[in-house]
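[1] starting from these lines, generate the structure:
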Amino acid sequence: MQIDQKYIIREKDRHGNVRLYYRKKPGPRVRLREKPGTAAFARELLAAQTAEMKPGAGRPQREKAEKGSLRDLIVAYMKSPEYGQLDDRTQRVRRQILDRLCEAKPKDRQGVPAFGLWPVARMQPRHIREIRDDNADRPEAANGILKALRQVFAYGIEADIRYVKGNPAREVQYLKSKGDGHHAWTIEEVEQYERVHAVGTMARLALALLLYTGQRRSDVVRFGPAMVKDNWLVFRQHKNRNSKPVDMAIPMVGPLREIIDGTPDAGDPWIRNEFGGPYGPDSFGNWFRDRCIEAGVPGRAHGLRKAAASRLAEIGCSDRQIMSITGHTTSKEIDRYTRSARQRVLAASAMDMLTGTPAKPHLKLVSGE
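    A predicted model of the protein is given here:
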């Protein structure tokens, strides 16, 4: 049996190891582990092609959704325009959350069926609270489940599905998160990273784009010359682009322009992977994490977005001004990002009034300031 080589995919992982896969759409993606050119590899290829011919091969089999069950409602939701308008990453994350939920069972109750089998018509807020509290040791995960269920039940009401009597998830509160989320970089961490990754490297360019734009990694990986107009970076944010689009224009500050011009391998987009192609948001995040580890700093990509907002708050920018850079549409997240920075400003002002000596509350975010 002949197998076309075009269906063999070669990829490098973040450690530089080459991995081989067989994929003929719409069949499953199958990992190839044997050494190419060997009889074992030929047998593995044959098995991969055979698996591709069988419907559902290589994928976990799920029980058929019972009519009126939570899984039945979730399946209907995932076929809806509301779900279809979410961006690809949000769809993938939400699907993973809801799939795991359907397969999970209550932790402390024996003989109770998996959540996916629960009848929607009989579900009340106390049942949603039980699902949430089963994940209380991971508040962010619990809140992610609750948010997804709110959307699922809202769809059921809007679509007039007869067994959906209301939205019990709306009556359950989110859990308080632990801490303030992603670590915001300090000036010392920025300087440490810059000492390891010099101007001209892709790692330094990545830092500059994150730092001087305050954007998410899903936008940074798309930035390039085509988005620059009269020295302004003009783009539509990737997140919520299909449901609540946010159009942005950010001035290209001098330090960012200099680093872009000083990076020989910068292309369009500016950030390129080791094969000369663009990164996806997740692969970029993994790659940048490794650059942070090399530099010995604890920060990650999203921490630079938070640090940029904090720095703007420290120099006295209003919520509206900060939102014009970050693209947030409400001040709720801005307040969470900048609470510590604003405390420093207010404390410095208070002590200035008390002593008559100007205090200096600002932590530099960018070296050389």
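[2] ok, which stretches of the stretch 151-300 of the chain are helices?
    Taking DSSP state H, counting those that start in this stretch as the criterion, the stretch 151-300 of the chain carries its helices at 187-196, 202-213, 217-220, 254-261, 281-295.
[3] who are the packing partners of the third one?
    In this case it means helix 217-220. Here helix 217-220 touches helix 202-213, helix 281-295, helix 301-314, going by 3 or more Cβ pairs under 8 Å, 6 or more residues apart in numbering; DSSP states H and E. Bear in mind the C-beta positions are built from the backbone N, C-alpha and C, glycine included.
[4] for residue 158, find the nearest of these.
    Among these, the nearest to residue 158 by Cβ to Cβ is helix 281-295 (29.7 Å).
[5] please point out which parts of the closest one sit buried.
    281, 283-285, 287-288, 291-292, 295 (16 or more other Cβ atoms under 10 Å).
[6] per-residue pLDDT of residue 6, please?
    Listed pLDDT for residue 6 reads 67.
[7] got TSV for the helices and strands packed on helix 217-220, with mean pLDDT too?
    Listed next are these as TSV, based on pLDDT from 0 to 100:
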stretch	mean pLDDT
helix 202-213	95
helix 281-295	92
helix 301-314	86
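[8] could you dump the ones you listed to CSV with distance to residue 250?
    Formatted as CSV, these follow (distance: least, Cβ to Cβ, whole Å):
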stretch, distance to residue 250
helix 202-213, 6
helix 281-295, 19
helix 301-314, 11
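[9] which of the ones you listed sits closest to residue 12?
    helix 281-295 (10.2 Å).
[10] contacts made by the closest one with the rest, please.
    With contact meaning Cβ atoms under 8 Å, 6 or more residues apart in numbering, helix 281-295 is reached by 14, 89, 192-193, 195-197, 203, 206, 210, 216-218, 220-221, 238, 271, 273, 279, 298-301.
[11] just the buried ones from those?
    Buried among those by 16+ other Cβ under 10 Å: 192-193, 197, 203, 206, 210, 216-218, 220-221, 238, 271, 279, 299-301.
[12] using the three-state scheme, assign residue 31.
    strand (DSSP: H, G, I helix; E, B strand; the rest coil).
[13] count of residues packed around it?
    11 (other Cβ atoms under 10 Å).
[14] likewise for residue 177?
    Look at residue 177: counted by other Cβ under 10 Å, it has 12 neighbours.
[15] do the same with residue 187
    The number of residues near residue 187, taken as other Cβ under 10 Å, comes to 17.
[16] mind listing the strands for the chain?
    Listed in chain order, the strands of the chain (DSSP state E) span 8-12, 18-22, 30-32, 228-229, 232-236, 247-251.
[17] alpha carbons of the second one, as CSV, please.
    What follows is strand 18-22 as a C-alpha-only set of coordinates in CSV (Å, rounded to 0.1, in the frame of the first residue of the first chain):
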residue,chain,number,x,y,z
VAL,A,18,11.7,16.8,15.1
ARG,A,19,8.4,15.0,15.4
LEU,A,20,6.6,13.2,12.6
TYR,A,21,2.8,12.9,12.2
TYR,A,22,0.5,11.4,9.6
